[in-house]
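J.: Below: sequence and its predicted model.
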Amino acid sequence: MSALSASDWRRMDRLVRSTVKDQSDRDARKLHSSLHYIAIRYELQQTEIDGLREALRASKRCKKKSKRLDLQKDEEYDGGADFWSPGKFQDARAREVVKQEENQLLAAQKAEMKKLRRSNKLCKEEMAKARRVAREAAKVAREREKAEKAESHSERGRAGPKTTAKRRFNRSKSSTIVPKRQENSFKTSYKSTGKAEE
């Protein structure tokens with residue numbers, strides 16, 4: 001026996017009546033009304049689904065809007081009725097195709113420019129990152145160099161008394177030695193006044 005569809009509720013009702021012996025039984029009436037309710041709900045839902053499908057098909061058909069062709073009028077238009085030849089329509093369609101191609105080309109150029117700007121931005125970010133890394137490396141090198149100089153100065157500081165003793169020895173040997181700073185000031189004052197100061 002094949003299954004009955006919910007839309008064929010009369011056949012289901014006949015089948016239930018022939019199967020159930022006591023029609024006045026409360027359970028039999030419940031079964032009868034439940035089958036009727038389910039069948040009607042199914043019919044209503046099917047109708048609603050069909051209507052929605054039809055509305056969707058209609059909206060898809062209407063989605064493609066028609067555009068007015070650019071039928072260019074003659075210069076000596078007097079305001080009367082216009083009659084367009086098939087050649088004018090063909091020219092207008094050709095102009096529309098050219099216009100669409102130009103729009104597509106413009107959109108492609110805009111997309112390409114956007115892509116180039118994005119890659120340029122990424123390149124600039126990479127260059128800035130490389131400069132940052134180079135600055136950090138230079139800073140570390142300067143600090144290392146500064147530390148080495150400080151270390152060498154501290155080593156010289158330890159050897160400092162020997163050099164001062166040497167200078168004292170040189171001063172006692174010859175009293176006419178002029179330190180470099182005084183010698184430079186002597187030269188500049190001589191140049192400014194034109195004669196040596198005593």
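T.: Sure, I can see it.
J.: quick one, domains of the protein?
T.: Here the domain parsing of the chain from automatic domain parsing is 1-62, 117-160.
J.: Can you lay out those as a markdown table showing mean pLDDT and mean neighbour count?
T.: Just so you know, the C-beta spots here come from the backbone N, C-alpha and C atoms, and that holds for glycine as well. Listed next are those as a markdown table, based on pLDDT from 0 to 100; neighbours: other Cβ atoms under 10 Å:
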| stretch | mean pLDDT | mean neighbour count |
| --- | --- | --- |
| domain 1-62 | 80 | 11 |
| domain 117-160 | 89 | 10 |
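J.: Format those as JSON lines; extra columns: distance to residue 108.
T.: Output for those, formatted as JSON lines (distance: least, Cβ to Cβ, whole Å):
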{"stretch": "domain 1-62", "distance to residue 108": "28"}
{"stretch": "domain 117-160", "distance to residue 108": "15"}
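J.: what's the spacing between residue 62 and residue 49?
T.: According to Cβ to Cβ, to the nearest Å, residue 62 and residue 49 sit 21 Å apart.
J.: Residue 117 too?
T.: On the measure of Cβ to Cβ, residue 117 and residue 49 end up 49 Å apart.
J.: and what of residue 83?
T.: Counting by Cβ to Cβ, the gap from residue 83 to residue 49 is 49 Å.
J.: do residue 141 as well
T.: According to Cβ to Cβ, residue 141 stands 77 Å off from residue 49.
J.: just residue 18 next, same as before
T.: Going from residue 18 to residue 49 by Cβ to Cβ gives 32 Å.
J.: could you show me where the helices are in this protein, in order?
T.: 9-19, 26-63, 86-158, 160-173, 180-193 (DSSP state H).
J.: can you list those in TSV and add distance to residue 72?
T.: Shown next, in TSV, are those (distance: least, Cβ to Cβ, whole Å):
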stretch	distance to residue 72
helix 9-19	65
helix 26-63	29
helix 86-158	8
helix 160-173	99
helix 180-193	90
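J.: Out of the ones you listed, which gets nearest to residue 71?
T.: Residue 71 sits nearest to helix 86-158 of all the helices of the chain, at 5.1 Å, using Cβ to Cβ.
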